[in-house]
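Q: what would the 3D arrangement of this be:
(one chain, ligands or ions: 1)
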Amino acid sequence: MGIEVTGLDLRYGDHPAARDITFDVRPGEFVSLIGPSGCGKSSVLRALGGLLRPAGGEVRVDGERVRGPLPTRIAYVFQDLALFPWRSARRNVEVPLALRGVPRRLRRERADELLGKVGLAEVADKVPAQLSGGMRQRVAIARALASDAGILLLDEPFAALDEQTRTQLGAELLRLLAEEGKTVVFVTHSLLEAVRLSHRIVVLTPGPARIREVITVGTEDPHELHAKLTGLLFS
Ligand SMILES: Nc1ncnc2c1ncn2[C@@H]1O[C@H](COP(=O)(O)OP(=O)(O)OP(=O)(O)O)[C@@H](O)[C@H]1O
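A: Sure thing, here's the model as predicted:
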């Protein structure tokens with residue numbers, strides 16, 4: 001089932017942000033949304049998560065129409081992380097576990113397991129201000145994984161990081177997602193990142209966003225795919 005987006009129209013008052021967007025995301029699939037700056041990528045992502053009400057069309061998650069946030073099914077990681085600054089890394093990751101009513105001892109175990117998976121076992125007791133940008137991003141990812149939601153919506157999660165950290169975190173993320181069996185929709189400005197991480201790439205037009213093309217990332221040469229995407233975005 002996964003996510004089905006059909007004829008989605010989005011607007012802010014009189015200002016259209018997206019028109020007639022139709023695509024699907026299969027369970028376990030990693031789909032990237034790319035498009036020119038300001039075209040409406042984040043708006044589409046917010047609509048998938050029930051944070052922006054469509055002016056037309058619909059979003060379905062596992063067959064059920066999305067009418068508002070579904071925190072048990074859908075987790076977010078934004079560029080602006082919103083970690084709790086006074087809570088240690090471990091206690092940040094514990095938040096969704098507490099919301100789900102997981103007992104304290106199990107919360108700690110699961111949080112430590114997830115922090116271990118993102119390479120942060122050593123810094124579980126540190127607060128965000130004591131961590132690097134890449135580490136904070138890892139805490140946010142561990143926290144999203146702790147929510148147990150099957151769907152992760154990632155909005156430019158690596159935008160504030162240097163290229164090397166981005167590449168490393170992207171590779172780690174793929175491994176983790178495969179282990180945890182998540183379905184992912186990923187907004188990025190980086191064509192390289194989209195090519196590297198995705199099963200499929202949804203290319204949007206300049207705003208208001210429409211679907212330009214949906215590309216399956218198969219066996220083609222990554223350089224050729226990158227060139228094709230550049231052509232689609234800038235022609
Ligand atoms: N809360 C809002 N109120 C009014 N207009 C908005 C709001 N959020 C976004 N917009 C407008 O909607 C359009 C799409 O914005 P959106 O953030 O979805 O684009 P984007 O492709 O994610 O942008 P970027 O690539 O710069 O991150 C833009 O014209 C933006 O100015």
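
Q: what bridges to the closest residue in space to Ile74 that isn't next to it in sequence?
A: For Ile74, ignoring the flanking residues on the chain, the nearest one in space by C-beta to C-beta, 6 or more residues apart in numbering is Ile151 at 4.6 Å. From N, CA and C alone the C-beta is placed, and that goes for glycine too. Following DSSP bridges, Ile151 is listed with bridge partners Ile74, Thr183.

Q: give me the element the most centrally placed residue in the chain is part of.
A: By C-alpha atoms, centre = their mean, the chain has its centre lying nearest to Leu154, at 1.6 Å. Using DSSP states H and E, Leu154 falls within strand 151-155.

Q: rounded mean pLDDT for that strand, please.
A: Across strand 151-155, the average pLDDT comes to 92.

Q: so what touches that strand?
A: Residues from elsewhere that reach strand 151-155 (C-beta atoms under 8 Å, 6 or more residues apart in numbering): 2-3, 41-42, 45, 48-49, 61, 73-79, 144-145, 177, 182-187.

Q: now do the strands in this structure.
A: For the chain, applying DSSP state E gives strands covering 3-12, 15-25, 30-34, 56-61, 64-65, 74-78, 151-155, 183-187, 200-204, 211-216.

Q: tell me the contacts of Gly119?
A: Contacts of Gly119 by C-beta under 8 Å, 6+ apart are Arg138, Glu172.

Q: hmm, try it at 10 Å
A: Gly134, Met135, Arg138, Ala142, Gln168, Leu169, Glu172 (C-beta atoms under 10 Å, 6 or more residues apart in numbering).

Q: now do it, the pLDDT please.
A: Per the predicted model, pLDDT is 86 at Gly119.

Q: could you do Leu81 as well?
A: Leu81 is assigned 64 on the pLDDT scale.

Q: might one say that Thr108 is in contact with Arg91?
A: Actually, residue 108 is Arg rather than Thr. Yes: counting by C-beta atoms under 10 Å, Arg108 touches Arg91, with 9.2 Å between them.
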